[in-house]
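Student: what shape does this take:
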Amino acid sequence: MKKVLLLDWSYSYRFYVKELLKEDCRDFYVVAPEYIADFEAITDYLIISELYESNYIEKNINEIISFVNKNKINSLFNTEDELVLLENRLKEKLGLKNCQSVVETLQNKHLVRKILEGNLKIKSPKFSCIEARSRDELVNKLKANISFPSIIKPLSSNFSSGVSLVESYKDIENAVEAVVLEVEDANSYDILVEDVISLNGQLISVETFVQNGKLKCVLFTDENQYLHIRNNGSKTFYYDNIFVQSTCSKVDREIMLEMVKEIIGVFKVSDLTLHIEFKLDNSGIWHLVEINPRLGGGPIAYSHYLSTGINPVLLSFKISNDITLELSDTTKKFNRNANIKFFNKGLKAGRINKISIDSSKAINYLDKIIFYFQEGEYYNYSPTGIGFSIVSGDYNEVQLYKISNTVKESIEVTFIE
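Tutor: Model (predicted):
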């Protein structure tokens, strides 16, 4: 049994990590930027307030190594975009197998686009990179260089945070405000500007598991987003439903699978979990829109476990810790479906007064309901809202959507005026 160090963890955001590793890991330890009550269920924890700050990475690694040695921890696990590089540098210092150079490349969105530019096997949107050192500089450069419509993405963002649709000069100011909310470095406002593939096209994510350079498993997910206009006028993308197993056709899966294999070859991926996103344009062509060197965010992994019995967290954990994957790890045990419904529509920014649930409405169907925010906390606009529900079973897509909507209707959120 393993003693595992989790690089940041909380029940509301990462409940599935501990739940899906509990049979293989005896003790759980956490390093996090601040203490939360969830740590009462953890063997021990280390607080590093600057955990997410890249300027402190070497200092943080030294503190973590001391904690690892003190507790005789023998494995690591991470699902956070911002900590993937720290994870691999930490492994290097501990003498463990790591993918530092590949991770550094894949986390540079501009470099990834440049490497794949002109690749005939991978379709991706046309792009440009705008570098700016202030909000005003970014606004001015966008006004001078952008064409409409375009998508702008902060180079450091994930999970659609700060991603905006720009259709006119009027949208630029509002879109930059969305970028500012995501920027941690006050001296860097670098963004990607991409052509719009489609506003309504299907979005598929592929959880990709590679060990010893060989593709071991892929899991397809339907990610449904909608265009949300904030109070300040910025046009952002919010998650509505995430459906597992994906409804895309066998032909579409094969097309995306070939692009996944090309990505693995181009970037020389050897031992890594990838979250890769593709979007369908109006002509029926799939485009690569995102590559992240970590397991898919949110409760995607847990939903695949409910649907197939395949444990994506365990697959990723074994790859990360150089434990050989067995055939049984990647084999379906059953064939069901699951739907994740995010609670974000109709919400405003403000301090939450009360969250109530009518337990008479479809609660019996629930596998999980999670709230990211609690009563008394301040909610600002988020692509994933205040929380989500998961329902699963031997139901089709339409049936699960209906059940999920019933669950959502049972939830009432009021704000302090």
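
Student: where do the domain boundaries of the protein fall?
Tutor: 2-98, 126-195, 203-415 (automatic domain parsing).

Student: would JSON lines of those domains with mean pLDDT and mean neighbour count be doable?
Tutor: C-betas here are computed from N, CA, C, even on glycine. Formatted as JSON lines, the domains of the chain follow (pLDDT from 0 to 100; neighbours: other Cβ atoms under 10 Å):
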{"stretch": "domain 2-98", "mean pLDDT": "93", "mean neighbour count": "17"}
{"stretch": "domain 126-195", "mean pLDDT": "82", "mean neighbour count": "18"}
{"stretch": "domain 203-415", "mean pLDDT": "93", "mean neighbour count": "18"}
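
Student: closest to residue 114 out of the ones you listed?
Tutor: Proximity to residue 114 (Cβ to Cβ) singles out domain 126-195 among the domains of the chain, at 8.6 Å.

Student: from the middle of its chain, how far away would the closest one be?
Tutor: Chain-centre distance of domain 126-195: 20 Å, with Cα atoms, centre = their mean, to the nearest Å.

Student: going forward, begin numbering at 43 instead of 1
Tutor: Understood, numbering begins at 43; the last thing we discussed is domain 168-237.

Student: measure that domain end to end?
Tutor: Terminal residues of domain 168-237 are spaced 6 Å apart (Cα to Cα, to the nearest Å).

Student: and if you look at stretch 131-142?
Tutor: One end of stretch 131-142 sits 6 Å from the other (Cα to Cα).

Student: which residues touch that stretch?
Tutor: 99, 103, 106-107, 110, 118, 127, 130, 311-314, 335, 363-364 (Cβ atoms under 8 Å, 6 or more residues apart in numbering).

Student: now, those residues that are in strands?
Tutor: Among the contacts of stretch 131-142, the ones falling in strands (DSSP state E) are 118, 314.

Student: ok, the contacts of stretch 131-142 vs residue 67, which is closest?
Tutor: Closest to residue 67, out of all of those and judged by Cβ to Cβ, is residue 363, at 10.2 Å.

Student: that closest one against residue 120, yeah?
Tutor: No - shown here, residue 363 and residue 120 do not form a contact pair, counting by Cβ atoms under 8 Å, at 11.1 Å.

Student: for residue 83, what are its contacts?
Tutor: Applying Cβ under 8 Å, 6+ apart to residue 83 gives the contacts 53, 60, 70.

Student: list just the nearest of the contacts of stretch 131-142 to residue 247.
Tutor: Nearest to residue 247 among the contacts of stretch 131-142, with distances taken as Cβ to Cβ, is residue 335, at 13.9 Å.

Student: just checking, that closest one touches residue 150?
Tutor: No - contact criterion Cβ under 8 Å: residue 335 and residue 150 do not qualify, at 10.9 Å.

Student: biggest helix in the protein, by residue count?
Tutor: helix 292-308 (DSSP state H).

Student: quickly list what residue 270 is bridged to.
Tutor: Beta-bridge pairing of residue 270 under DSSP bridges involves residue 278.

Student: in this structure it contacts residue 281, no?
Tutor: No - distance between residue 270 and residue 281: 9.9 Å, which falls outside the contact criterion (Cβ under 8 Å).

Student: find the residue at the geometric middle of the chain.
Tutor: What sits nearest the mean C-alpha location of the chain, by Cα atoms, centre = their mean, is residue 339, with 2.8 Å.

Student: so that residue makes contact with residue 317?
Tutor: Yes - the pair residue 339 / residue 317 is scored as a contact, 7.3 Å apart, by Cβ under 8 Å.

Student: what residues are shared contacts of residue 335 and residue 150?
Tutor: With contacts defined as Cβ under 8 Å, 6+ apart, no residue is shared by residue 335 and residue 150.

Student: tell me which element residue 411 falls in.
Tutor: strand 408-413 (DSSP states H and E).

Student: contact partners of that strand?
Tutor: Taking Cβ under 8 Å, 6+ apart as the rule, strand 408-413 contacts 53-54, 57, 341, 344, 348, 380, 385, 397, 399, 428-434, 449.

Student: ok, it: who's next to it in the sheet?
Tutor: Here strand 408-413 is paired, per DSSP bridges, with strand 429-435 (antiparallel).

Student: so which residues of the stretch 143-292 of the chain form strands?
Tutor: 169-172, 192-196, 206-208, 233-237, 245-253, 256-271, 277-286 (DSSP state E, counting those that start in this stretch).

Student: next, the angle strand 192-196 makes with the fourth one.
Tutor: What it means is strand 233-237. 160 degrees (axes from the mean of the first three to the mean of the last three Cα atoms, to 10 degrees).

Student: list the contacts of strand 233-237.
Tutor: 151-152, 155, 167-172, 174, 180, 184, 187-188, 192-197, 221, 331.

Student: please work out which residues outside stretch 452-459 touch it.
Tutor: By Cβ under 8 Å, 6+ apart, the residues outside stretch 452-459 that reach it are 385, 389-390, 392-405, 421, 428.

Student: mind running it again at 10 Å?
Tutor: Stretch 452-459 is contacted from outside by 385, 388-405, 408, 411, 413, 415, 417-418, 420-421, 427-429, 431, using Cβ atoms under 10 Å, 6 or more residues apart in numbering.

Student: restricted to helices, list the residues you listed.
Tutor: Using DSSP H, none of the contacts of stretch 452-459 sit in helices.
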